[in-house]
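In: missing the sequence, but the structure's below:
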């Protein structure tokens with residue numbers, strides 16, 4: 001529909017024809033789409049926002065609200081035993097302990113975006129147990145239940161698990177049902193990083209559904225995808241399980257990233273042993289060092305054997321299954337240098353190129369590294385595109401970045417514990433450019449619903465997710481014709497283009513594509529089943 005949108009005191013006050021002379025400022029949105037702000041349902045900015053609250057990587061792609069505390073790790077309770085857990089970096093000023101103290105910390109200075117917080121199961125396991133790497137006793141489960149109750153009374157929206165990680169992987173289903181029951185009584189969400197996304201995914205989804213069903217709790221299946229070529233074909237079974245659960249009344253939904261990758265790393269981390277390729281270095285620096293080493297024939301012969309031994313070994317546990325690759329068909333060339341003789345290889349897999357060249361894939365790859373150096377970009381794609389599209393189309397599927405809010409010039413600071421990936425800057429823009437415009441997997445209306453009203457309802461954001469009178473003025477003005485991700489595999493630290501305005505709680509934070517530094521975000525706390 002064509003309409004003017006009136007905003008006053010952070011709220012949408014009118015829709016329709018509005019006299020422009022009644023406004024202090026008029027934003028010209030002619031020929032543009034006016035959309036609700038995007039809701040990122042899976043982020044890890046818990047500590048980052050206490051250090052750098054601007055959240056430009058989120059705001060820059062239209063995210064006005066993010067859900068943190070995922071994968072079983074939250075910023076609270078923060079006591080000596082819970083420090084230095086995943087996503088709790090060195091150098092964080094820890095002047096809080098309890099959930100209410102953490103939320104107070106977020107209130108002290110303006111935030112770039114709004115924040116909804118989950119309590120981490122792994123964090124409370126460390127807080128409640130002498131030995132979190134083992135089964136919990138009845139008393140320890142009761143202690144954890146009290147911590148869940150405390151967090152939700154303070155404003156947490158639910159509980160997250162990381163059942164692939166320490167210490168969550170030691171939890172029994174019964175333990176999780178007990179905790180989910182507390183969450184359910186408070187109208188919250190049980191968000192689960194499952195017990196595996198490879199050969200165990202069907203049983204892992206069954207368990208999450210069982211936890212929600214027995215605990216009478218809403219369930220969110222985190223960053224859903226099926227990893228590993230040998231497991232392709234499983235997505236349809238997962239969809240059937242979720243649909244069947246929903247039909248019998250289990251409130252289960254899911255989220256996914258908009259890029260078909262096995263995490264926030266790229267091919268060298270999957271291919272090379274850690275002592276050969278330091279994935280924490282900027283990609284260009286790491287590749288330049290490899291290029292120098294490959295000039296030594298003995299070094300090359302040794303690393304060639306180690307790569308093949310690593311590729312063919314049996315993979316055990318989350319880290320090995322997701323970080324190590326098993327098939328050269330999962331490694332693709334994403335970019336090479338200008339005027340490169342290998343330009344025709346871009347977009348093709350190493351297995352395909354090697355077959356054409358009559359060579360071993362490992363040799364083709366090492367030759368590429370030696371020849372292209374810092375210009376080489378290669379990706380590991382271990383998700384089947386058809387299955388990826390199947391998940392994307394499901395009406396209960398949302399999107400998340402699985403990222404840490406940052407700014408380009410601060411993206412290598414210690415609070416960023418995840419290697420940079422294009423999704424950190426363009427995950428939500430990609431839905432509109434790739435899934436809608438290029439591949440036609442979704443209609444525009446359905447894509448917007450999955451990024452706005454659907455996640456807002458899931459996480460109790462009763463006054464967000466729609467451009468409607470009375471709602472919070474989290475609004476985007478988008479030129480869909482010029483919208484572009486900009487971030488690439490080789491240069492992932494780029495803001496998208498085509499977002500004219502990003503408005504958070506009525507304040508313009510992006511104006512004609514530029515950050516204004518007028519931060520208006522705030523923590524949204526659960527109150528009576530709704531986040532406010």
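Out: Ah, there it is. Remember, predicted model here, so these are calculated numbers, not experimental data.

In: neighbours around residue 369, how many?
Out: Other residues within reach of residue 369, judged by other CB atoms under 10 Å, total 21. (Glycine included, C-beta is placed from N, CA and C.)

In: In three-state terms, how would it be classified?
Out: Counting by DSSP: H, G, I helix; E, B strand; the rest coil, the backbone at residue 369 sits in helix.

In: What of residue 463?
Out: coil.

In: so how far is residue 10 from it?
Out: 10 Å (CB to CB, to the nearest Å).

In: ditto for residue 157
Out: 21 Å.

In: So which of the two has more stuff around it?
Out: Taking neighbours as other CB under 10 Å, residue 157 and residue 10 compare with residue 157 leading, 30 against 16.

In: re the thing from before, report the set of residues contacting both of residue 463 and residue 10.
Out: Common neighbours of residue 463 and residue 10 (criterion: CB atoms under 8 Å, 6 or more residues apart in numbering): residue 472.

In: Can you give me every residue that contacts the residue nearest the centre of the chain?
Out: Note on the chain: the residue nearest the mean C-alpha position is residue 402, at 1.7 Å, using CA atoms, centre = their mean. Contacts for residue 402 (CB under 8 Å, 6+ apart) come out as 42-44, 70, 223, 257, 263-264, 418, 423.

In: How about residue 433?
Out: 483-485.

In: As a check, name the ranges of all strands in the stretch 351-500 of the chain.
Out: 377-380, 397-399, 475-478, 499-504 (DSSP state E, counting those that start in this stretch).

In: Which one, of those, ends up nearest to residue 323?
Out: Closest to residue 323 of the strands of the stretch 351-500 of the chain, according to CB to CB: strand 377-380, at 9.3 Å.

In: pLDDT of that closest one, averaged?
Out: Per-residue pLDDT over strand 377-380 has a mean of 84.

In: One more: stretch 73-93?
Out: 88.

In: Could you work out the end-to-end span of it for me?
Out: 18 Å (CA to CA, to the nearest Å).

In: can you check stretch 365-380 too?
Out: First-to-last residue span, stretch 365-380, CA to CA: 13 Å.

In: Now do the phi/psi pair for the residue lying farthest from the centre of the chain.
Out: Using CA atoms, centre = their mean, the residue of the chain lying farthest from its centre is residue 21. It sits 42.1 Å away. Phi and psi for residue 21, reported as degrees, to the nearest 10, are phi -70, psi -10.

In: and the gap between it and residue 14?
Out: In terms of CB to CB, residue 21 sits 14 Å off from residue 14.

In: need the contact list for the residue nearest to residue 10 when sequence neighbours are not counted.
Out: Excluding its sequence neighbours, the residue lying closest to residue 10 (CB to CB, 6 or more residues apart in numbering) is residue 506, at 3.7 Å. For residue 506, the contact set (CB under 8 Å, 6+ apart) comprises 7-11, 472-473, 520.

In: can we see that at 10 Å?
Out: 7-13, 472-475, 520 (CB atoms under 10 Å, 6 or more residues apart in numbering).

In: Which of the residues you listed ranks first by neighbour count?
Out: Going by other CB under 10 Å, residue 474 tops the contacts of residue 506 with 33 neighbours.

In: Give me the number of neighbouring residues for the closest residue to that one other than its chain neighbours.
Out: Excluding the flanking residues, the one nearest residue 474 by CB to CB, 6+ apart is residue 37, at 3.3 Å. The number of residues packed near residue 37 is 28, by other CB under 10 Å.

In: does residue 37 really touch residue 456, like I thought?
Out: Yes - if you go by CB atoms under 10 Å, residue 37 and residue 456 touch, sitting 9.4 Å apart.

In: re earlier: which of the contacts of residue 506 sits closest to residue 303?
Out: Residue 303 has its nearest neighbour among these in residue 474, at 49.5 Å by CB to CB.

In: ok, that closest one to residue 236 distance?
Out: Residue 474 sits 35 Å away from residue 236, going by CB to CB.

In: How about residue 402?
Out: In terms of CB to CB, residue 402 sits 24 Å off from residue 236.

In: just residue 119 next, same as before
Out: Residue 119 is 33 Å from residue 236, by CB to CB.

In: you'd agree residue 318 is in a helix?
Out: Yes - assignment of residue 318 by three-state DSSP places it within a helix.

In: Apart from its neighbours in sequence, what residue is nearest it?
Out: Using CB to CB, 6+ apart, the nearest residue to residue 318 is residue 164, at 3.6 Å.

In: Count the residues that sit near that neighbour.
Out: 22.

In: residue contacts, it?
Out: 71-72, 193-198, 200, 204, 317-319, 321-322.

In: And residue 351, by the same measure?
Out: With CB under 10 Å, 6+ apart, residue 351 has these contacts: 327-332, 361, 364.

In: if you set the cut-off to 6 Å instead, what comes out?
Out: 328-329, 361 (CB atoms under 6 Å, 6 or more residues apart in numbering).

In: I am finished for the moment; much appreciated.
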